[in-house]
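**Student:** what's the 3D shape of this:
(2 chains)
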Amino acid sequence: MSEVKYSKEHEWIKLDGEEATIGITKHATEMLGDIVFAELPEKGSHVDKDGTAGVVESTKAASDVYTPVSGEVIDTNQMIVDDPSKINEDPEESAWFFKLKIKDKSEMDSLMNKEEYEKFAKETSA
Amino acid sequence: MSIKKTSLNNLHIKYGAKLVEFAGYQMPIQYKYGIIQEHKYTRSHSGIFDVSHMGQLFISGGDDLTNELEKIFPADLKKLKTNQSKYSFLMNNKGGIQDDLIITKTSDGFLIILNAACKYNDYEVIKSKLDNQYKLNLDESLSLIALQGPEAKNVLNKVIPGCDSLKFMNGNNYVYKNEKVYITRSGYTGEDGFEISIKNSDAETFVESLIENGSKLIGLGARDTLRMEAGLCLYGNDLDNDTSPIEANLKWAIPKSRIETEFVGSEVLKNQFQSGVKKLRVGIKPDSKVIARGNTKIYNDKNQEIGKVTSGTFGPSVEHPIAMGYVDNSYSTVNTKIFLEVRGKKIPANICNLPFYKKNYVKGEINV
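**Tutor:** The predicted model follows:
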């Protein structure tokens, strides 16, 4: 079974062998409000753990999207660029942001599991 | 200073508002349906806005009041009929805008609606300019509620019969629950609508009755996207102490009859009327989906900085990013190609006409 982990910047990451799929959490979309713009990293580019790997904008403000692990961008989700409202509708499934070929699985170790993230999200939004 | 609450605070919480601090008040930025839905509901039905944080300044007393106020404001107050309203400005000596406001002539004086963040300062400035000769009342026992949208007229008429006969930029006294309310036909969304000045203690039941008749509470977030689509200025973003009404492209609000007369800032305005201005407020339409927010730098095709964005968002009704800002006057012509610096990239955009959204009285017509 693939493993899903969460970052303090409210990204989720699903690891499948060496391939990681990354998106933003439902909690993040609730804080952002209606998302009207998404910018993704370029396919083939390299992103570093905790570095900027995209942008989402709501009607109110722009927010950076970070990558929780390092790797090469092997795919991006054009659907959310064409229709950013999909991110609000289905953030943790079909509205993923990008896929990485990861280098170092141990970078996953510092991330939170679902239970830890839910507790973190509750505490930080209170 | 502790944060203030309007008389509708409990109602905001009841309807699931996300509350933020705005100009010293706890105000709803949005309700549970979110900014885009709230925006569209206002354009297609009607929306209720709590604008009780804004100042309601009543000035009365003395036959010379109109003359004295004309020394302050560049509006033609002598021509104003009772219950008629005009958009005007409180300026400084340099012609910069200290506040933009609506003046209405009442039976015994004038009512001036002021921006929340400016109201206490405006009060002091106006009071001192009037040499304390007149009665000024910045009345905080009253709430101010805006009802906007194509159905506003029908909804309000069910609660307060007769108000549908009001003409745009006109007001009158009505009765609600045996208490006097003052209603003007005006707004800040590009839609038909009303602003209702009502006793704090009656505000909650009044708003509940608007909701029962099909209207919905709308937060400040949608108020901002609605006014931007309508090409209207927000004080503090698009207007400030260093910007004159001429530079703000609001020349229409300075009547010809006042240009040669004296008021605060009149020297500078007269000069700008004759010789023109260096910068001008324009509408901006980015070519792509990228949003340029306030303070985004604007460049020409030679990579020279020519101005900056003062407001920018995604327009939910025009379904495209929209912005307004100030550019060097030589770049202010419609369809001039400009570039917006967003996250280090130069995004192509065009100068465009305002408003972005133009109301067609039968159906919404979209202008992008």
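**Student:** And stretch B:9-20, what's buried?
**Tutor:** By neighbour count on 16 or more other Cβ atoms under 10 Å in any protein chain shown, the buried set for stretch B:9-20 is B:9, B:11, B:12, B:15, B:17, B:18, B:19. C-beta here means a position set from N, CA and C on the backbone, and glycine is covered the same way.
**Student:** Kindly present these as CSV, with separate columns for pLDDT, secondary structure and distance to chain A.
**Tutor:** Formatted as CSV, those follow (pLDDT from 0 to 100; DSSP: H, G, I helix; E, B strand; the rest coil; distance: Cβ to the nearest Cβ, whole Å):
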residue, pLDDT, secondary structure, distance to chain A
B:9, 98, helix, 20
B:11, 98, helix, 21
B:12, 98, helix, 16
B:15, 98, coil, 16
B:17, 97, coil, 13
B:18, 95, strand, 8
B:19, 96, strand, 14
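**Student:** helix/strand/coil for residue B:209?
**Tutor:** Per DSSP: H, G, I helix; E, B strand; the rest coil, the secondary structure class of residue B:209 is helix.
**Student:** Output the contacting helices and strands for whatever helix or strand residue B:90 lives in.
**Tutor:** Assigned by DSSP states H and E, residue B:90 belongs to strand B:85-91. For strand B:85-91, the elements it packs on are strand B:97-106, helix B:119-129, judged by 3 or more Cβ pairs under 8 Å, 6 or more residues apart in numbering or on different chains; DSSP states H and E.
**Student:** ok, the buried residues of stretch B:9-20 vs residue A:117, which is closest?
**Tutor:** Taking Cβ to Cβ as the measure, residue B:18 is the one of the buried residues of stretch B:9-20 closest to residue A:117, at 21.9 Å.
**Student:** Which residue would you name as the spatial centre of chain A?
**Tutor:** The centroid of chain A falls nearest to residue A:23 when counting by Cα atoms, centre = their mean (2.7 Å).
**Student:** who in chain A is up against chain B?
**Tutor:** Residues of chain A lying near chain B by Cβ under 8 Å from any Cβ of the partner chain: A:33-34, A:36-37, A:39, A:55, A:57-62, A:85.
**Student:** swap the cut-off to 6 Å and go again
**Tutor:** Residues of chain A lying close to chain B by Cβ under 6 Å from any Cβ of the partner chain are A:33, A:34, A:36, A:37, A:57, A:59, A:60.
**Student:** Could you export the helices and strands packed on strand B:85-91 as TSV, including distance to chain A?
**Tutor:** Listed next are the helices and strands packed on strand B:85-91 as TSV, based on distance: least, Cβ to the nearest Cβ, whole Å:
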stretch	distance to chain A
strand B:97-106	23
helix B:119-129	24
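**Student:** which of these is buried the deepest?
**Tutor:** strand B:97-106 (a mean of 22; mean count of other Cβ atoms under 10 Å in any protein chain shown).
**Student:** Toward the C-terminus from that one, list the very next helix or strand.
**Tutor:** strand B:109-114.
**Student:** what's that following strand packed up against?
**Tutor:** Applying 3 or more Cβ pairs under 6 Å, 6 or more residues apart in numbering or on different chains; DSSP states H and E, we find strand B:109-114 packed against strand B:55-60, strand B:97-106.
**Student:** wait, which of those is closest to residue A:93?
**Tutor:** Per Cβ to Cβ, nearest to residue A:93 of the helices and strands packed on strand B:109-114: strand B:97-106, 46.9 Å.
**Student:** ok now that closest one, how far from the chain's centre?
**Tutor:** Offset of strand B:97-106 from its chain centre (Cα atoms, centre = their mean, to the nearest Å): 10 Å.
**Student:** show me what contacts the residue of chain A found nearest chain B?
**Tutor:** In chain A, no residue comes nearer to chain B than residue A:36, which is 3.8 Å away by Cβ to the nearest Cβ. By Cβ atoms under 6 Å, 6 or more residues apart in numbering or on different chains, the contact set of residue A:36 is A:57, A:59, A:84, B:314.
**Student:** Using the three-state scheme, assign it.
**Tutor:** Using three-state DSSP, the structure places residue A:36 in strand.
**Student:** Not counting sequence-adjacent ones, nearest residue to it?
**Tutor:** What sits nearest to residue A:36 in space, not counting adjacent residues and going by Cβ to Cβ, 6 or more residues apart in numbering or on different chains, is residue B:314, at 3.8 Å.
**Student:** Partner strands of the helix or strand containing the one you found, with direction?
**Tutor:** Per DSSP H and E: residue B:314 is located in strand B:305-315. Here strand B:305-315 has these sheet partners by DSSP bridges: strand B:297-299 (antiparallel), strand B:320-328 (antiparallel).
**Student:** Now residue B:186. Nearest residue, chain neighbours left out?
**Tutor:** Residue B:186 sits nearest to residue B:195 (Cβ to Cβ, 6+ apart), 5.5 Å away.
**Student:** Note down every partner strand of the strand or helix carrying the one you found and its orientation.
**Tutor:** Per DSSP H and E, residue B:195 falls inside strand B:193-199. Using DSSP bridges, strand B:193-199 pairs in its sheet with strand B:142-148 (antiparallel), strand B:179-184 (antiparallel).
**Student:** quick one, helices of chain A?
**Tutor:** Under the criterion DSSP state H, helices of chain A are mapped to A:26-32, A:78-82, A:85-89, A:114-125.
**Student:** How far away from the center of its chain is the last one?
**Tutor:** Looking back up the chat, that one is helix A:114-125. 16 Å.
**Student:** cool, the first one as well?
**Tutor:** Taking Cα atoms, centre = their mean, one finds helix A:26-32 lying 12 Å from the centre of the chain it belongs to.
**Student:** ok, and what's touching it?
**Tutor:** Where contact means Cβ under 6 Å, 6+ apart, the residues beyond helix A:26-32 that reach it are A:10, A:58, A:87, A:88, A:91, A:92, A:121.
**Student:** confidence score at the nearest residue to residue B:108 once chain neighbours are set aside?
**Tutor:** Excluding the flanking residues, the one nearest residue B:108 by Cβ to Cβ, 6+ apart is residue B:60, at 4.7 Å. pLDDT, residue B:60: 96.
**Student:** For residue B:60, list each beta-bridge partner.
**Tutor:** The partner residues for residue B:60, given DSSP bridges, come to residue B:109, residue B:135.
**Student:** Let me know how buried the nearest residue to residue A:8 once chain neighbours are set aside is, in neighbour terms.
**Tutor:** Closest residue to residue A:8 apart from its sequence neighbours, by Cβ to Cβ, 6+ apart: residue A:120 at 6.7 Å. Taking other Cβ atoms under 10 Å in any protein chain shown as the neighbour definition, residue A:120 ends up with a count of 16.
**Student:** circling back to that earlier point, I'd like to know which of the helices and strands packed on strand B:109-114 lies nearest to residue B:191.
**Tutor:** Of all these, it is strand B:97-106 that lies closest to residue B:191, at 16.4 Å by Cβ to Cβ.
**Student:** Show the contacting residues for the residue nearest to residue A:36.
**Tutor:** A:36, A:59, B:291, B:321.
**Student:** let's see it at 7 Å
**Tutor:** Contact analysis of residue B:314 by Cβ atoms under 7 Å, 6 or more residues apart in numbering or on different chains lists A:36, A:37, A:59, B:291, B:321.
**Student:** Surely the second one touches residue B:289?
**Tutor:** Yes: in this structure residue A:37 lies within contact range of residue B:289 using Cβ atoms under 7 Å: 5.5 Å.
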